[in-house]
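Chemist: Kindly return the folded structure for what I paste below:
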Amino acid sequence: MSDAGPVKYDPIAVSSESTVVAEYVPDAQAASSYQSEAALEGEFIRLLQSQAYERLTITSEAQLVANLRTQLEALNDITFSDAEWAKFFETKIAGQNDGIVDKTVRIQEDPVQLLARDDGTTKNITLIDKRNIHNNRLQVINQYEIDKAAGGAKYANRYDVTVLVNGLPMVHVELKRRGVDIREAFNQIDRYQRDSFWAGSGLFEYVQLFVISNGTLTKYYSNTTRRQHIADATGATKVKKTSNSFEFTSWWADAENKPIQDLTGFAKTFFAKHTLLNILTRYCVLTADRLLLVMRPYQIVATERILQRIETSTNYKKLGTVGAGGYIWHTTGSGKTLTSFKTAQLASRLPDVDKVLFVVDRKDLDYQTMREYERFEKGAANSNTSTAVLKRQLEDPNARIIITTIQKLAKFVDSPANKGHAIYDGHLVIIFDECHRSQFGDMHTSITKAFTRYNLFGFTGTPIFTANMASGGNPKLKTTEQAFGERLHVYSIVDAIQDKNVLPFRIDYVNTVKAPTGIIDKQVSAIDTEKALLAPERVRQIVAYTLEHFDQKTHRNQGYALGERRVKGFNALFATASIDAARIYYNQFASQQLGRTPDQRLKVGLIFSYASNEAVEDGALDEEGFETEALSGDARSFLEDAIQDYNDMFGTSFDTSSDKFQNYYKDLSLRIKQREIDLVIVVNMFLTGFDATTLNTLFVDKSLRSHGLVQAFSRTNRILNSVKTYGNIVTFRDLEEETNDALALFGNKEARGIAVLKPYAEYYADYSSKVQELLTAFPLGQPIVGETAQKEFIAIFGAVLRLLNILTSFDEFEGNELLTERQRQDYQGIYLNLYAEFRRLNETERESIVDDVVFEIELIKQIEINVDYILMLVAKYRDERGDGDDTEIRAQITRAVDASPSLRNKKDLIEAFVDSVSVTSEIDAEWAAFVAARREAELQQIIASENLKAEETRAFIETAFRDGAVRATGTAITRVLPPASRFSADGGHGEKKQRVLVKLGEFFERFYTLTAVGE
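Modeler: Model (predicted):
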């Protein structure tokens, strides 16, 4: 201790109840001078020390392991013998075959490990104390260094700041100096995982959370995003895609949804000890797919507000009243199911609670929510149809969480056989996943009357307010607050769009055919209006417009990775006003596509079912069930034919009988999510509660307002990747006033400016300015000299790419591009050359000087040149060579290859082939033979240079070509390698394995698409 006396620790943002600070007021900005990355790091560490983090100086793995031993001994009040520690460390912490998944499971689900003692006894050793979080000790280290080849590391790396929990690295912070794009910090962590996190004992694979910051902006994310990103990069199969790199990082915020973006505020709130430990121990969810999800601040606030309401209503004896409940208003697409699941899980552990009932609509349970819940907890969702099973669950003391439908629960309550059942007097927490209007009626009343000691909570993205209730309407209709109690937390569509948790909308109001005279008259009935709007000429023009602009609206010429496949563009829904309208549109699409070749035809699906009410007073879309038997004979017969078309398209065997129609719904929803169908014509189905990240466009020919409008529009704005920048709405009716009113109701008066993209003219002006800047500063043919100029070029061309991505879906943009195709390709070739050069520098330098460069590679991949196009040019080149070499076509081939990320690594192959083509040969056949010969020669060279087992290597590569990816995990790769000791002192086995994986991965990337074309 120094002479200055003991260090005084001031508690910051501490609360005994709340993980998220109620309201954060930032400090007045004092510093204005330049701040280096080192100074930023020093300031951050000082803030952690002021919150009682112990600072350590650790420079080697031996020191890291020694500290881990000391921390676990202190936490568990034990002293390990050297033999005990060696065995425990090798088998329970750093197992030779353990990876990120195993270590994450250990922390999240199995933090108490069994120690075998020297005397034959056993003792439980806690890695992290989840019951009393303040028993855990937090330490901070910085500039921890991994040398090249240390423990098998691929390259030398130095990590910025790491938080140790009981000695294990669990939170890693990567910093960039102010002004640098924080995506580069994300990219750097990604590089650490590829190169060195797994090295040695692999302790850095225990990191659960990552924080990235440039001082001004700070975000956090779980290791899921990193693991998925690596799985994509290495070609690992069998990994479900739940996130897509940087787009899935999160802002931290206070309980009022005000983002806390600067590093100082983030350190004082997110890194407050109770907050960080609560997030690690309570507010992470490990899915059934073994992916880690970390909750966002608004999800945590909602969960804790409900838990607090349960406790206070129990203490003040308010159970069974509206005052014991409440509702959570979290906008569509913000992750309500995850929030409600975590709430149900934590509520079920409260000592006074007997059961948690999670109540969903029948359709949601069968198809969407059940799958979500199954992801969070295997076996949690029992989608049975029998009330007898529900009765058994209610009587089973071990069934703490029960998922049921409102229909089944009402049936149980209404049954005379269950009168006076003991469960009615138990303390139940009842959570409605989506408190629809349908849940405010007789079923809701009978359920709340039957139970006496309950808390009732509802989640909704579109609450019903007094303001949007139809005056003089149905007296049974209640507002959300009347049915469920007061509002406990709000996270509106404006909050979600500002946080980039959902996308904004871009709305086209397309006036195809002037509506027949008189149909706007209020005196004309709605039925007559709809008939007039289905005039054949109007429908014909709408379908023609949709077909003409479909590729443009859904980015159909642009590719992206979806799980283990690469797909082109997005898909769409076409919302119609009635079953009759859906039938007319389906026929018209079929008719207008007759002249198209099979590969040009859109795959169009159709689904509708019986809905009891056509008119809905509060704007909500009426729920369509699965009661096809209630359809008219004509409608059912038409649906039967449409399903047969679907069967012919996909080789299925569905029909309109009850079970098969439900399976049709399920199959269709899956094909939408997997981008296997282009357009689905609907009435109300899929317009509420259906999530598909691949949907980006909604074509609308129906009246929408209020709840229904926001719900329908929100099908399009789920985040997927950097290519999908907004939800696209194309409406053939004038819904502008209804859109503005709905956004004002569910956002605020300024919502439209945030939720709807800017006009075309503003984007075009930005585009024009950037293109002019590009042409002036970097004229083609002039070299770009020096790192500063190269970075400037990358930034300008990246901005042009981002603007092009938005502008291409505006009808007005066609014919107004300012760069010719040749200019774009040339600039793109320069851009990709710089990308390759900077990546090479990253791999050779310990700390790259170009880490503050962000490349928009995903946007470039949208405009891919494929092999078929190149072969077409080759054929043209051969035909023209009768008059001597055609240098322009040869240059065109070179430009196209240089501008394509996927063909650049095949440039030598393509050029060699161009030089070898004969005058009379079939180009396709000659190409296939050429690729096969080169593939065999290059694989043989890898086998020889690395002394690999030839037969096993060929089998490994054939499997990769079959699966579409190289398998980087598991035992398959080890069977390829020559015999070697896994435990050699120089880490040779790990290094060899990585080197071979890189070579085989590069070989696969080089030949995969070529093989697919050639065979």
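Chemist: does V854 really touch I182, like I thought?
Modeler: No. V854 is beyond contact range of I182, at 9.4 Å (criterion: C-beta atoms under 8 Å). Quick note: C-beta positions are derived from backbone N, CA and C, even for glycine.
Chemist: and those two? which has more neighbours close in?
Modeler: Set V854 next to I182 and count neighbours by other C-beta atoms under 10 Å: I182 wins out with 22 against 17.
Chemist: Now that one, what are its backbone angles?
Modeler: With angles defined as degrees, to the nearest 10, I182 sits at phi -70, psi -10.
Chemist: K176 is in contact with that one, correct?
Modeler: Yes. I182 lies in contact with K176 (C-beta under 8 Å); the separation is 6.3 Å.
Chemist: Now list whatever residues contact both of those two.
Modeler: Residues touching both I182 and K176 (C-beta atoms under 8 Å, 6 or more residues apart in numbering) are I212, S213, N214.
Chemist: By mean pLDDT, which helix or strand of the chain comes out lowest?
Modeler: Least confident helix or strand, the chain: helix 362-367 with a mean of 49, by mean pLDDT, DSSP states H and E.
Chemist: Could I get the buried residue list for the helix or strand hosting V301?
Modeler: Following DSSP states H and E, one finds V301 within helix 297-315. Under the neighbour-count criterion of 16 or more other C-beta atoms under 10 Å, helix 297-315 has 297-307, 309-311, 313-314 buried.
Chemist: Flag the shaky bits of the stretch 401-550 of the chain, pLDDT-wise.
Modeler: Residues of the stretch 401-550 of the chain that meet the criterion pLDDT under 70 lie in 436-442, 467-477, 512-528.
Chemist: And for the residue nearest to E911 when sequence neighbours are not counted, the neighbour number?
Modeler: Nearest residue to E911, sequence neighbours excluded (C-beta to C-beta, 6 or more residues apart in numbering): T894, at 7.6 Å. By other C-beta under 10 Å, 16 other residues sit near T894.
Chemist: Spell out the secondary structure type for T894.
Modeler: helix (DSSP: H, G, I helix; E, B strand; the rest coil).
Chemist: Find me the pLDDT at it, would you?
Modeler: With respect to pLDDT, T894 scores 77.
Chemist: for the one 3 residues further on, same thing?
Modeler: If you check V897, the pLDDT there is 73.
Chemist: what does the strand or helix carrying R540 contact?
Modeler: Following DSSP H and E, one finds R540 within helix 536-553. Around helix 536-553, the neighbours that count as contacts under C-beta under 8 Å, 6+ apart are 510, 512-513, 515, 556-557, 569, 572, 574, 584-585, 588-589, 592-593, 602, 678-679, 696-697, 699, 701, 728, 730, 732, 808-809, 811, 814.
Chemist: So which of these are in helices?
Modeler: If you go by DSSP state H, those have I584, Y585, Q588, F589, Q592 in helices.
Chemist: for those, which one is nearest T91?
Modeler: Using C-beta to C-beta, the shortest approach to T91 within these belongs to F589, at 61.7 Å.
Chemist: now that closest one, nearest residue through space, not along the chain?
Modeler: Using C-beta to C-beta, 6+ apart, the closest residue to F589 is V604 (5.0 Å).
Chemist: Also I893?
Modeler: Leaving out its chain neighbours, the residue that sits closest to I893 by C-beta to C-beta, 6+ apart is L873, at 5.0 Å.
Chemist: need the contact list for that neighbour.
Modeler: Here L873 is in contact with I889, Q892, I893, A896 (C-beta under 8 Å, 6+ apart).
Chemist: Let's see that with 10 Å instead.
Modeler: I865, I889, R890, Q892, I893, A896, V897, I910, V914 (C-beta atoms under 10 Å, 6 or more residues apart in numbering).
Chemist: Surely the fifth one is in contact with V914?
Modeler: The reference is to I893. Yes. The pair I893 and V914 qualifies as a contact (C-beta atoms under 10 Å) at a distance of 6.4 Å.
Chemist: The stretch 751-900 of the chain: strands as residue ranges?
Modeler: With DSSP state E, counting those that start in this stretch, there are no strands along the stretch 751-900 of the chain.
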